[in-house]
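> Below is the sequence, then the predicted model.
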Amino acid sequence: MDILIVDGYNMIGAWPELQKLRKKNLALARNQLIDLLADYQAYTGARVIVVFDAYIVKGTEKKQKNYRIEIIYTKEKETADEKIEKLVLEMADKRTKVFVATSDFTEQWAIFGQGAYRKSARELYIEIQEIKKKIRKNIKEIREEKPVSKIPLTKEVADFFEKFRRGQ
């Protein structure tokens, strides 16, 4: 199974719609990022972990799950980069590909040296935009595959039967 570890605030600072949202409400920007990563996770099947620095959320390290996304708020005075490096050391092995999404050049080299692969914020953004297009296309195809009645009905009759079926 592939693992994607995301530097949360790095993505928020790099993706256009999240940058705008961050200026109004950082919590909403975080939630929007998590929603996008949930779609990514559902489509790819990868395990997704998003790490946020403690500079916004003070105190001890906090972990939670939203959808199937693992969310980690680092403990006070621990950066997301430090936590990501620890996670890579724990998870990287021959059977598991660990990808780290960050545009922090220094962090990219550090995780690359530990055996992880890197994705820049731009690369992940483009990948998520492509996945969104594919999901929309799949939904459209499913909607178009509705079973067709074997007996041609007028719209009025079809509406009547639909109301009847729903008990209205």
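Nice, I can see it. On a predicted model such as this, the values are computed, not experimentally measured, just so you know.
> As a check, name the ranges of all strands in the chain.
3-7, 47-52, 62-66, 69-73, 98-101, 117-119 (DSSP state E).
> nearest to Leu21, of those strands?
Of all the strands of the chain, strand 47-52 sits nearest to Leu21, with 15.0 Å by Cβ to Cβ. Just so you know, the C-beta spots here come from the backbone N, C-alpha and C atoms, and that holds for glycine as well.
> ok, Ala14 to Phe160 distance?
Ala14 sits 53 Å away from Phe160 when distances are taken as Cβ to Cβ, to the nearest Å.
> any chance of the strands of the chain in a markdown table, plus mean neighbour count and mean pLDDT?
Compiled in a markdown table, the strands of the chain are given as follows (neighbours: other Cβ atoms under 10 Å; pLDDT from 0 to 100):
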| stretch | mean neighbour count | mean pLDDT |
| --- | --- | --- |
| strand 3-7 | 24 | 95 |
| strand 47-52 | 22 | 96 |
| strand 62-66 | 11 | 72 |
| strand 69-73 | 21 | 93 |
| strand 98-101 | 25 | 92 |
| strand 117-119 | 18 | 90 |
